[in-house]
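[1] Mind folding the following:
(one chain, ligands or ions: 1)
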Amino acid sequence: MLLKKYKSNFIKELSSINDEMEAESFFYLILEHFHQLKRIDLAINPDFEISESDMVRWENILAELKTQKPIQYILGETEFYGLKFMVDGNVLIPRPETEELVDLIVSSFKSQTSKLRILDIGTGSGCIPISLKKNLPNAEVFAIDVSENALEIAKKNAKLNGVEVNFILKNILETNDLEQQFDVIVSNPPYVRMLEKEEIKPNVLEFEPHLALFVEDNDALLFYRKIAQLAKKNLTENGSLFFEINQYLGKETVELLENLGFKNILLLKDIYGNDRMISCVIN
Ligand code: GLN
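    Model prediction:
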């Protein structure tokens, strides 16, 4: 069948659950994954045919997409900060908001010549430390996660991207001292409250690890408090702490950091205009 023709069938098939633009973006992701072709290639070569056997592969993916499984889990990969990352249901799918956090750190330190020690807490797929190491190659980068399965993926991702990151299996909620000093600590911890569950789309709720997403309503800042306390102990003088935050808890998170004695606290918005990042220093 002509791929062009298959494309309209594919989009139509998905129309009940995805809008056309989203369905089209899935189509192009699969096109690249299966056939190493980009949108422009199809435009240049409109007579591209797909074989019977390829069609079966496409149809299998279509069936999975209809269950609302995220395309990143179906293909087993995603892109983050210009790099490729393997993902499965053990790790959160890296988000564009987190790319902004990485970019903030890269731009803050790229002209620094001294050797930085950076720690990412709750690393999941390893998207944060790996893209930091790639862009700040002089840094020594460490990453902690509580999940052995997540760390396995993160290690594969470091290899895939040709960088060295020191991965540590640890439950930070049960840690009172990291017993090493870091110049930068970063984290995108679980921050979705149960009361916000309604806002979460089924493709996220049913497929992404709840351990990575949710925190109890009665202590929404649990991870922020714990990480900030550790940072007070384990940041070098003038060391920096960076967080991705719950957009509804910007003020509360700033207050928590103020109370713990952090300085130069900056609350920053993401490209959607939501409070999303905090940077601060300890001295
Ligand atoms: N650090 C990973 C990310 O930003 C995982 C975060 C998480 O699991 N809460 O995607």
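
[2] which stretch of helix or strand covers the closest residue to R39 other than its chain neighbours?
    The shortest distance from R39 to any non-neighbouring residue, by C-beta to C-beta, 6 or more residues apart in numbering, is to Y28 (5.3 Å). In short, each C-beta sits where N, CA and C put it, glycine included. Per DSSP states H and E, Y28 falls inside helix 20-35.

[3] Downstream of that helix, the next helix or strand is which one?
    Following helix 20-35 in sequence, per DSSP H and E, is helix 39-44.

[4] List the contacts of the helix or strand that that following helix is followed by.
    Later in the chain than helix 39-44, the nearest helix or strand by DSSP H and E is helix 52-66. Contact with helix 52-66 is made by 1, 6, 10, 13-14, 17-18, 26, 30, 34-35, 50, 71, 74-75, as judged by C-beta atoms under 8 Å, 6 or more residues apart in numbering.

[5] rewinding a little: so the helix holding Y28 versus helix 52-66, what angle?
    140 degrees (axes from the mean of the first three to the mean of the last three C-alpha atoms, to 10 degrees).

[6] residues in contact with helix 20-35?
    With C-beta under 8 Å, 6+ apart as the test, helix 20-35 has contacts from 3, 7, 10-11, 14-15, 18, 37-39, 42, 48, 50, 54, 57-58, 61, 65, 71, 75, 77.

[7] Could I get the full set of strands for the stretch 51-200 of the chain?
    77-80, 83-86, 117-121, 140-145, 166-169, 182-187, 192-193 (DSSP state E, counting those that start in this stretch).

[8] Tell me if the shortest one is near the ligand.
    Looking back up the chat, that one is strand 192-193. No: counting by C-beta under 6 Å from any ligand atom, the ligand is not contacted by strand 192-193; separation bottoms out at 9.3 Å.

[9] Mind giving me the packing neighbours of that strand?
    For strand 192-193, the packing partners by 3 or more C-beta pairs under 8 Å, 6 or more residues apart in numbering; DSSP states H and E come out as strand 214-215.

[10] Check what contacts the strand it packs on and list those residues.
    189-194, 197, 222-223.

[11] Sheet partners, orientation included, of it?
    strand 192-193 (parallel) (DSSP bridges).

[12] now the partner strand: mean pLDDT?
    For strand 192-193, the mean pLDDT works out to 92.

[13] Quick one: name whatever helix or strand follows it.
    helix 202-205.

[14] Any residue of that next one touching the ligand?
    No: applying C-beta under 6 Å from any ligand atom, one finds helix 202-205 separated from the ligand by no less than 12.2 Å.

[15] swap in stretch 97-112?
    Yes: using C-beta under 6 Å from any ligand atom, a contact is recorded between stretch 97-112 and the ligand, made by T98.

[16] and that stretch, which residues are buried?
    97-102, 104-105, 109 (16 or more other C-beta atoms under 10 Å).

[17] In helices only, show me these.
    97-102, 104-105, 109 (DSSP state H).

[18] which one of the residues you listed is nearest the ligand?
    T98 (4.2 Å; C-beta to the nearest ligand atom).

[19] hang on, the closest one packs against V186?
    No: using C-beta atoms under 8 Å, T98 is not in contact with V186; the gap is 9.9 Å.

[20] list residues touching both of those two?
    Counting by C-beta under 8 Å, 6+ apart, the residues touching both T98 and V186 are I128.
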